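>>> fold the following and give me the result.
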Amino acid sequence: MNLVLLDADVIIDLHKFGLWEQATKKNTVYIASTIIHYEAYYYTDEAGQKQYFDLIEQIGKTIQEVSATPDEIAQLKSKFSPAYLTLDEGESESLAILLKEPDITFCTCDKAAIIALALLDMQNRVISLEAMLKQSGLTSNKLEPKNSEELFKIHLKKANQMKIQGTGLK
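Here you go, the predicted model:
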């Protein structure tokens, strides 16, 4: 079983694609407190209607809540130049968690988070939704370009360019 920390975009997409239950059965799922309580609680269906879900009731059952202290988050953010990289609160907390939990992989579709981890030489700790599903033996024909391994690799390439140019980190 994979130990995965899920970003809000991945949680929302898994619900939207009807893969949430299977993904939580095939992986040990961790979610940052900020994401559980403030960021991931609905998706918009094909008819444009909001479909709500409750992660709080799943804590300790299908998901594990994890958190980082304000100091840990501030320490993480201090590594990056805000002119080149902006992380939202859920991503910031998730990346701070990764720094102290070496066995967990972060699954995200967010360009800034992927680049941030690559700048920290942690590209082996982040995975696309497409790759996570594949590793879990799951597939979907509903995946969007943002979920793809192809776009994920483009973001990693951008991070490598930033490293060569000496940008992104303080």
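
>>> check the average confidence over the biggest helix by length in the chain, would you?
What stands out as the longest helix in the chain, according to DSSP state H, is helix 149-165. Per-residue pLDDT values over helix 149-165 give a mean of 95.

>>> same for it, what does it pack against?
On a contact count with 3 or more C-beta pairs under 8 Å, 6 or more residues apart in numbering; DSSP states H and E, helix 149-165 meets helix 111-119, helix 129-135. For glycine as for every other residue, the C-beta is placed from the backbone atoms N, C-alpha and C.

>>> please enumerate residues in contact with the first one?
Spelled out, that is helix 111-119. Defining contact as C-beta atoms under 8 Å, 6 or more residues apart in numbering, one finds that helix 111-119 is touched by 7, 80, 85-87, 91, 94-95, 98, 106, 108, 123, 125-126, 152, 155-156, 158-160, 162-163, 168-169.

>>> so for that helix, mean pLDDT?
Mean per-residue pLDDT for helix 111-119: 96.

>>> next: stretch 48-68.
97.

>>> quick one: buried residues of that stretch?
In terms of neighbour count (16 or more other C-beta atoms under 10 Å), stretch 48-68 has its buried residues at 55, 58, 62, 63, 65, 66, 68.

>>> so how far is it off the chain centroid?
14 Å (C-alpha atoms, centre = their mean, to the nearest Å).

>>> may I have it exported as PDB, CA atoms only?
Output in PDB follows, covering the C-alpha atoms of stretch 48-68 (Å, rounded to 0.1, in the frame of the first residue of the first chain):
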ATOM      1  CA  GLY A  48     -22.600  22.400 -12.900                       C
ATOM      2  CA  GLN A  49     -24.100  21.400  -9.500                       C
ATOM      3  CA  LYS A  50     -22.000  21.400  -6.300                       C
ATOM      4  CA  GLN A  51     -21.700  18.000  -4.800                       C
ATOM      5  CA  TYR A  52     -20.600  18.100  -1.100                       C
ATOM      6  CA  PHE A  53     -18.500  15.500   0.800                       C
ATOM      7  CA  ASP A  54     -17.300  15.400   4.400                       C
ATOM      8  CA  LEU A  55     -13.700  14.500   5.100                       C
ATOM      9  CA  ILE A  56     -14.100  15.100   8.800                       C
ATOM     10  CA  GLU A  57     -16.300  12.000   9.300                       C
ATOM     11  CA  GLN A  58     -13.700   9.900   7.500                       C
ATOM     12  CA  ILE A  59     -10.800  10.700   9.900                       C
ATOM     13  CA  GLY A  60      -9.500   7.500  11.500                       C
ATOM     14  CA  LYS A  61     -11.500   5.400   9.100                       C
ATOM     15  CA  THR A  62     -10.400   5.900   5.500                       C
ATOM     16  CA  ILE A  63      -8.100   8.800   6.000                       C
ATOM     17  CA  GLN A  64      -5.500  10.000   8.600                       C
ATOM     18  CA  GLU A  65      -5.300  13.700   9.500                       C
ATOM     19  CA  VAL A  66      -1.800  15.100   9.800                       C
ATOM     20  CA  SER A  67      -0.600  18.600  10.600                       C
ATOM     21  CA  ALA A  68       2.400  20.900  10.800                       C
END
